[in-house]
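Enquirer: Make a model of this:
(chains A and B)
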Amino acid sequence: NAGVTQTPKFQVLKTGQSMTLQCAQDMNHNSMYWYRQDPGMGLRLIYYSASEGTTDKGEVPNGYNVSRLNKREFSLRLESAAPSQTSVYFCASSISHGPSSYEQYFGPGTRLTVT
Amino acid sequence: AQSVTQLDSQVPVFEEAPVELRCNYSSSVSVYLFWYVQYPNQGLQLLLKYLSGSTLVKGINGFEAEFNKSQTSFHLRKPSVHISDTAEYFCAVKRNNNDMRFGAGTRLTVKP
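Expert: Next comes the predicted model:
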């Protein structure tokens, strides 16, 4: 049981390049999330997916797209990377209903640098 | 809108001393409250949560937090810290939807 896994762990991009961050969970969770973490700002929600086939914008969606490929996988795409997207990206998942739905399980993060 | 304020960005403390990490939130509706811990180069782990019921919530690793509705606070406490508690701690607030808001974090450093 690996929990939430993310690839890659580190990435350096040049401005304008594109890339996809991958996330997978093996806990049979319905909901999945993408956050970015910046110093002094905590975590901010980029996009989330309440269930397979649905996605919604979070607090900071501009410059990103997401795909909920199936129940396990939720990818984040940067079409044209900008230095402002230099950050640590975390994927998380949770069940959809009941008190335990409020607990999110986090992956180890992807450290992205855009030069 | 809801927001979360962690009042201290850094808290240095000596081993075996007590510690309190402060968190205030603003929301006009009922919320659910959480504390997460992040060890270096890792993702976040849930320490404890308040959903309803008793306002004193106990979590893992000897931490506890008290929900104070009138003060809109959810401060985290531990009576005696260990070196291994050195980490960043995040307070988070969630309404009855998928919108979880995190505070900026408090870096706890425990010194020998």
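Enquirer: In chain A, what residue lies closest to chain B?
Expert: Scanning chain A for the residue nearest chain B gives residue A:106, at 3.4 Å (criterion: CB to the nearest CB). Every residue, glycine included, has its C-beta placed from N, CA and C.
Enquirer: dump the residue contacts of whatever residue of chain B ends up closest to chain A.
Expert: With CB to the nearest CB as the measure, residue B:43 is the residue of chain B nearest to chain A, at 3.4 Å. The contact partners of residue B:43, by CB atoms under 8 Å, 6 or more residues apart in numbering or on different chains, come to A:4, A:90, A:92, A:106, A:107, A:108, A:109.
Enquirer: what do you get if the cut-off is 6 Å, keeping everything else the same?
Expert: Contacts here follow CB atoms under 6 Å, 6 or more residues apart in numbering or on different chains; on that basis residue B:43 touches A:90, A:106, A:107, A:108, A:109.
Enquirer: Next: residue B:45.
Expert: Contacts of residue B:45 by CB under 6 Å, 6+ apart are residue B:37.
Enquirer: Name the residue closest to the centre of chain A, please.
Expert: Taking CA atoms, centre = their mean, the centroid of chain A lies closest to residue A:34, which sits 2.6 Å from it.
Enquirer: picking up where we left off before, number of nearby residues for the residue of chain A closest to chain B?
Expert: Look at residue A:106: counted by other CB atoms under 10 Å in any protein chain shown, it has 22 neighbours.
Enquirer: now do residue B:109
Expert: Around residue B:109 there are 14 residues (other CB under 10 Å).
Enquirer: And residue B:27, by the same measure?
Expert: Neighbourhood size, residue B:27 [other CB under 10 Å]: 16.
Enquirer: Residue A:5 too?
Expert: Residue A:5: 15 neighbours (other CB under 10 Å).
Enquirer: Is it part of a helix or strand, or is it coil?
Expert: Of the three states, residue A:5 takes strand under DSSP: H, G, I helix; E, B strand; the rest coil.
Enquirer: hang on, the earlier thing: what's the nearest residue to the residue of chain B closest to chain A if we skip its chain neighbours?
Expert: Once flanking residues are discounted, residue B:43 sits nearest to residue A:106: 3.4 Å by CB to CB, 6 or more residues apart in numbering or on different chains.
Enquirer: I figured that neighbour was touching residue A:90, is that so?
Expert: Yes: between residue A:106 and residue A:90 there is a contact under CB atoms under 6 Å: 5.4 Å.
Enquirer: Kindly report the residues of chain A close to chain B.
Expert: Residues of chain A lying near chain B by CB under 6 Å from any CB of the partner chain: A:40-43, A:48, A:90, A:99, A:102-103, A:106-109.
Enquirer: Please list the members of the residues you listed that lie in strands.
Expert: Among those, the members falling in strands (DSSP state E) are A:42, A:43, A:48, A:90, A:106.
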